[in-house]
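Engineer: next come a sequence and a model predicted from it.
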Amino acid sequence: ETMPFFIADIQNSDDEISLGISKGALDSVVNIGRAKYGLGSGPQTGEFKRKTLANTFFARLDWQINDKHRLTIRNNYSDWLNPVSNSDNSNINLYEVWGDIKSRENTTLVALRSQFTPTFLNEFKLQYQSATRNYVPNSELPADNIPRAIVTVRSTLPNGTLGSKTVQLGGQRFYPENNLENQFQFINTSYLTVDKYKFTFGTDNTLTYMDTYISSEQNGRFIFNSLADFNNLNASRYAREAPINGIPSVQQYILNASLFGQVEFDISKNINAMFGLRYDVTSFLTRADYNPVVERTLGLRTDSRITDAGKIQPRIQLTWDIAGEKKDIIRFGGGLFSSYPVNYAQVNNIQNSGTKVASIDVSRPATGASLVPVPDFPAYRRNPSSAPGIIAGVPYVSTINLNDPNLKMPSIFKANLSYNKIIGDRLR
C-alpha cells in the first residue's frame, strides 16, 4: 500500500497560519540544522511517500498415519513493514525524526490426534512461536539513534500574529525499541467416555523467553528556547535517561502452567450438567537486580521472584431442554477465570531496579557557568555513544519500579444466562 504523508508542507500563507510558523523561520531551522547539526541534505519538510508492505505465508500437512493416529503440521508466517510512520510529540518533526515499524511472526504447530479406543481420544499439541516487533530509527540516522534537538521557534505570521511552535530534529524518544519473544507451548487434552459421563482433562503450559529493549527517553534531548540559541549551540536544558552499564536490555523467562478437568453428564432426561476445575500457575523466573539502596531506604527488595500458584477456578454449566425437542433451551453457567500476566510488568521491574538507568536533567542558570553540554550533533551521528550521559557535578536519580512479591494474576467471575428458541430449520 502506497500513500503520501506531509510534514509542514507550506505552500501559501494559509499554511503558515495553520501551522503557526512562517516558511522563512522553518527554513532557518533546516539551514542551521544542515550547517551545524549534521542534518541531511535531502528534503525534511513537504510531501513524502510511504509504502507499507505485508506478507503472509501458510502451509499445512495432514498425515493419516494409521486408523488410530493422525498427524498435523502447520506453519504460519507473516511480516509487516510500515516505514516513516511514527514521529515524536513536538509540533513539527522533521523527516529524519520519523522512524519505521517492523514486525515478523512465525508459528509452527505439531499436533497428534489419537483415537486409542472408541471411548478414549487424546490430542497432543506442541507449538513454537517466535515474534519480533522493532521500532527502527530513520535510515538517515544511526541504528542506535541520537539525541533530539527541540527548538522553540517564534515567527510573525502573514496575518500579523505571533506564532510559537516547537520544531524537532535528530532522534526521538521511543526509538530504537526491540522486542523478541520466543514461546514453547505444550498442550495435551484427553477425552474419555464412561457410561453416561464424558470426561475431559489435560494440561496447557507455556515457557516464554523475552528479550526487550525499551529506550524511552534514553537518547537525550537538548532544549533551545529560541532560534538564536539553536544557531549559537546554546541549549537551555539537557535531559536524558542515561544507561549506566551499556544497553539496558531485559532478558526474562515466564512460565505458565495449568491442569484442567471437566465432566459432563445428563442429570435427567432434559437437563445436562457440566462441572469443571482449572488450576493455573504463573511464575516470572527471572529476577531484577538487587538494589541495596532501595532496601536500606525503603525496606523493599527489587529482586523478588514472583510466583502465583493459587489460581483454582471452578466452573459450572447447566442446560435445560424444556420440552426435550431441542427447540426451547435455557443455559446457565458461571465460574472463575484467571488472566495471563502482563509480561511488561516484569520488564519494567528489571529495567528500573535502579541499576541500569539514571535520570539526569540540567538547566542553564540565569547567571554563572552552565553545566548544560554544548551539543555536537555531527559527532553523535558518527558515534551515538558519544552523546552526554551522566555529567560530572550533576546529581542524578533513578526511577524504581517494583512488583509486589505476592503479586497475583487478576481473576474474574463470569456468569451467563441464555434462552434459545428454534423455529423451523433456519430461524433461531
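Structural biologist: Good, I have the coordinates. Residues are numbered from 1 along each chain as shown.
Engineer: C-alpha coordinates for whichever strand or helix holds T208, CSV please?
Structural biologist: Assigned by DSSP states H and E, T208 falls within strand 197-214. Coordinates of each C-alpha in strand 197-214 appear next as CSV, following Å, rounded to 0.1, in the frame of the first residue of the first chain:
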residue,chain,number,x,y,z
TYR,A,197,-20.1,-39.5,31.8
LYS,A,198,-17.9,-37.6,29.4
PHE,A,199,-14.6,-36.6,31.0
THR,A,200,-12.2,-34.0,29.6
PHE,A,201,-8.8,-33.5,31.3
GLY,A,202,-5.4,-32.2,30.4
THR,A,203,-2.6,-29.6,30.7
ASP,A,204,-1.7,-26.4,29.0
ASN,A,205,1.8,-25.0,29.5
THR,A,206,3.9,-22.2,28.0
LEU,A,207,7.5,-21.2,28.6
THR,A,208,8.2,-17.7,27.2
TYR,A,209,11.6,-16.0,26.6
MET,A,210,11.6,-12.3,26.1
ASP,A,211,14.4,-10.0,25.1
THR,A,212,13.2,-6.4,25.4
TYR,A,213,15.0,-3.1,24.8
ILE,A,214,12.8,-0.1,25.6
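Engineer: quick one: average confidence on it?
Structural biologist: When the per-residue pLDDT values of strand 197-214 are averaged, the result is 95.
Engineer: quick one: buried residues of that strand?
Structural biologist: 198-202, 204, 206, 208-210, 212-214 (16 or more other Cβ atoms under 10 Å). The way it works is simple: take the backbone N, C-alpha and C, and place the C-beta from them, glycine included.
Engineer: what do you get for stretch 62-74?
Structural biologist: Applying 16+ other Cβ under 10 Å to stretch 62-74 flags R70 as buried.
Engineer: sorry, back to before: can you list the strands that the strand holding T208 pairs with?
Structural biologist: The partner list of strand 197-214 in its sheet, established with DSSP bridges, is strand 177-194 (antiparallel), strand 250-266 (antiparallel).
Engineer: possible to save those as a markdown table with mean neighbour count, distance to P43 and mean pLDDT?
Structural biologist: Below are the strands paired with strand 197-214 laid out as a markdown table (neighbours: other Cβ atoms under 10 Å; distance: least, Cβ to Cβ, whole Å; pLDDT from 0 to 100):
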| stretch | mean neighbour count | distance to P43 | mean pLDDT |
| --- | --- | --- | --- |
| strand 177-194 | 16 | 26 | 96 |
| strand 250-266 | 16 | 37 | 94 |
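Engineer: between those strands, which gets nearest to Y135?
Structural biologist: Set against Y135 and scored by Cβ to Cβ, those come closest in strand 177-194, at 4.1 Å.
Engineer: hey, C-alpha coordinates of the closest one in CSV?
Structural biologist: Listed in CSV are the C-alpha atoms of strand 177-194, where the atom choice follows Å, rounded to 0.1, in the frame of the first residue of the first chain:
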residue,chain,number,x,y,z
GLU,A,177,12.9,-0.4,20.6
ASN,A,178,13.5,-4.1,20.1
ASN,A,179,11.1,-6.9,21.2
LEU,A,180,11.9,-10.5,20.7
GLU,A,181,9.5,-13.2,22.0
ASN,A,182,10.1,-17.0,21.7
GLN,A,183,7.5,-19.3,23.2
PHE,A,184,7.1,-23.0,23.5
GLN,A,185,3.6,-24.3,24.3
PHE,A,186,2.7,-27.9,25.2
ILE,A,187,-0.9,-28.9,25.4
ASN,A,188,-2.4,-32.3,26.0
THR,A,189,-6.2,-32.9,26.1
SER,A,190,-7.8,-36.3,26.7
TYR,A,191,-11.5,-37.2,26.2
LEU,A,192,-12.9,-40.2,28.0
THR,A,193,-16.4,-41.6,28.0
VAL,A,194,-17.5,-43.9,30.8
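Engineer: can you list contacts of it?
Structural biologist: Here strand 177-194 makes contact (Cβ atoms under 8 Å, 6 or more residues apart in numbering) with 119-135, 198-216, 249.
Engineer: same question, stretch 25-43
Structural biologist: Looking at what lies outside stretch 25-43 - Cβ under 8 Å, 6+ apart - the contacts are 8, 10, 44-45, 92, 94-96, 140, 149, 151, 153-155, 163, 167, 169-170, 227, 230-231, 233, 375, 377-378, 380-381.
Engineer: and the strand holding T208, how far from the chain's centre?
Structural biologist: Here strand 197-214 is found 20 Å from its chain centre; the criterion is Cα atoms, centre = their mean, to the nearest Å.
Engineer: that older thread, now render the strands paired with strand 197-214 as JSON lines, adding distance to Q115.
Structural biologist: Formatted as JSON lines, those follow (distance: least, Cβ to Cβ, whole Å):
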{"stretch": "strand 177-194", "distance to Q115": "10"}
{"stretch": "strand 250-266", "distance to Q115": "19"}
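Engineer: low-confidence ranges in the stretch 1-150 of the chain?
Structural biologist: In the prediction, the stretch 1-150 of the chain carries residues with pLDDT under 70 at positions 1.
Engineer: for it, which segments count as strands?
Structural biologist: Per DSSP state E, counting those that start in this stretch, the stretch 1-150 of the chain has strands spanning 2-7, 46-51, 53-64, 69-86, 92-93, 99-117, 120-136, 148-156. These are given in chain order.
Engineer: the very next helix or strand once past the strand holding T208 - contacts with which helices or strands?
Structural biologist: The element immediately downstream of strand 197-214 (helix or strand, assigned by DSSP H and E) is strand 221-224. Contacts defined by 3 or more Cβ pairs under 8 Å, 6 or more residues apart in numbering; DSSP states H and E place strand 221-224 against strand 148-156, strand 237-243.
Engineer: give me the helices and strands touching the first one, please.
Structural biologist: Pointing back at strand 148-156 there. Counting contacts by 3+ Cβ pairs under 8 Å, 6+ apart, the secondary-structure elements packed against strand 148-156 are helix 23-36, strand 162-170, strand 221-224, helix 227-231.
Engineer: again, 10 Å this time
Structural biologist: In terms of contacts (3 or more Cβ pairs under 10 Å, 6 or more residues apart in numbering; DSSP states H and E), strand 148-156 is packed against helix 23-36, strand 92-93, strand 162-170, strand 221-224, helix 227-231, strand 237-243.
Engineer: adding distance to G310 and mean neighbour count, write the ones you listed out as CSV.
Structural biologist: As requested, the helices and strands packed on strand 148-156 are arranged in CSV below (distance: least, Cβ to Cβ, whole Å; neighbours: other Cβ atoms under 10 Å):
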stretch, distance to G310, mean neighbour count
helix 23-36, 58, 17
strand 92-93, 48, 23
strand 162-170, 49, 20
strand 221-224, 45, 23
helix 227-231, 58, 17
strand 237-243, 36, 21
